[in-house]
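Colleague: Quick one: sequence plus predicted model below, questions after.
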Amino acid sequence: MKYKDFFTKERVRSLCVALVLLALALTFQYYASAYSTRNANRFVGDIFLDNLPVVNMNGVIIEGALLLIVTSMILVLCKPKYLLFTLKAVAIFIAIRAFFVAVTHLGIYPDQIVPDSNGFLDRIYLALNLQAGYFFSAHTGLPFLLALIFWDKRFWRIFYFIVSAIMGISVLLAHVHYSIDVFAAPFMTYSIFKLAEYLFSDDYKLIEG
């Protein structure tokens, strides 16, 4: 499908809806994360984090995450039939995660590796408030969601599954997520994918077609 095929009244309207949903979801995430951070209580024990060494994985967690976002944006723009569904599915993902972040007020885990406020990419990461909130892990969940969306593309399916695993391991080693945040992410993400498939069935049919 080429971009000229998108410039119908119906698809332009759908694209506008997708962008509005994404903007609202990102706004909700920002304030939910800020609220959760302000109201954070004590940290809790975690059988994995209690036994894992603390490793600085900022190169993967920050630079890797931002690179993944840019790469995925380029991929979707190059494959227009995925555009509408991907934007809406990601918006639903962000909004649902923001809800869980808003109602989960766990404190920061001791010895957590934090972003360096002097680094350029780190400042972008902090400005976007990507470091806030625990349940569930977006670093693990978003690549998993993209693997499901690009299921019919074997290379990208495997690529995103591998990235999801690497991100999950990295946030645990850096102690920036509790283990339940990482292990629950694929299950939460699959449910969100199926919800998006139901809500935006017409957009999903473009991928199948």
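Modeller: Done, it's in. Numbering: from 1, shown residues only.

Colleague: list the contacts for residue 146?
Modeller: 72, 86, 156, 160 (C-beta atoms under 8 Å, 6 or more residues apart in numbering). Heads up, the C-betas are built off the backbone N, CA and C, glycines and all.

Colleague: For the residue lying closest to the third one once chain neighbours are set aside, which residues are in contact?
Modeller: Spelled out, that is residue 156. Counting by C-beta to C-beta, 6 or more residues apart in numbering, residue 150 is the residue found nearest to residue 156 once chain neighbours are left out, at 4.0 Å. Neighbour list for residue 150: 75, 82, 156, 157, 160 [criterion: C-beta under 8 Å, 6+ apart].

Colleague: Considering the contacts of residue 146, which is situated nearest to residue 200?
Modeller: residue 86 (10.0 Å; C-beta to C-beta).

Colleague: How many neighbouring residues does residue 16 have?
Modeller: Counted with other C-beta atoms under 10 Å, residues neighbouring residue 16 total 10.

Colleague: Just the pLDDT at it, thanks.
Modeller: You'll see residue 16 listed with a pLDDT of 94.

Colleague: What subset of the contacts of residue 146 is buried?
Modeller: For the contacts of residue 146, a neighbour count by 16 or more other C-beta atoms under 10 Å gives the buried set as 72, 86, 156, 160.

Colleague: so where's the chain shaky on pLDDT?
Modeller: The model of the chain has pLDDT under 70 over residues 1-3, 5, 7, 113-132.

Colleague: Tell me the first helix or strand C-terminal of whichever helix in the chain runs longest.
Modeller: With secondary structure taken from DSSP state H, the chain has its longest helix at helix 9-38. Going down the chain from helix 9-38, the next helix or strand is helix 58, by DSSP states H and E.

Colleague: picking up where we left off before, where's the residue nearest to residue 156 relative to residue 46, distance?
Modeller: 32 Å (C-beta to C-beta, to the nearest Å).

Colleague: returning to what we had before: going by distance to residue 50, which of the buried ones among the contacts of residue 146 wins?
Modeller: residue 160 (30.0 Å).

Colleague: Tell me who's in contact with the closest one.
Modeller: Applying C-beta under 8 Å, 6+ apart to residue 160 gives the contacts 143, 144, 146, 147, 150.

Colleague: what's the answer for residue 12, then?
Modeller: Residue 12 neighbours (C-beta under 8 Å, 6+ apart): residue 6.

Colleague: ok, so what distance separates it from residue 136?
Modeller: 33 Å.

Colleague: what about residue 193, distance to residue 33?
Modeller: Residue 193 is 23 Å from residue 33, by C-beta to C-beta.

Colleague: just to revisit the earlier point, would you reformat the contacts of residue 160 as a markdown table and include distance to residue 205 and secondary structure?
Modeller: Shown next, in a markdown table, are the contacts of residue 160 (distance: C-beta to C-beta, whole Å; DSSP: H, G, I helix; E, B strand; the rest coil):
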| residue | distance to residue 205 | secondary structure |
| --- | --- | --- |
| 143 | 24 | helix |
| 144 | 22 | helix |
| 146 | 19 | helix |
| 147 | 20 | helix |
| 150 | 16 | coil |
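
Colleague: Would you reformat those residues as JSON lines and include distance to residue 94?
Modeller: Shown next, in JSON lines, are the contacts of residue 160 (distance: C-beta to C-beta, whole Å):
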{"residue": "143", "distance to residue 94": "14"}
{"residue": "144", "distance to residue 94": "14"}
{"residue": "146", "distance to residue 94": "13"}
{"residue": "147", "distance to residue 94": "17"}
{"residue": "150", "distance to residue 94": "18"}
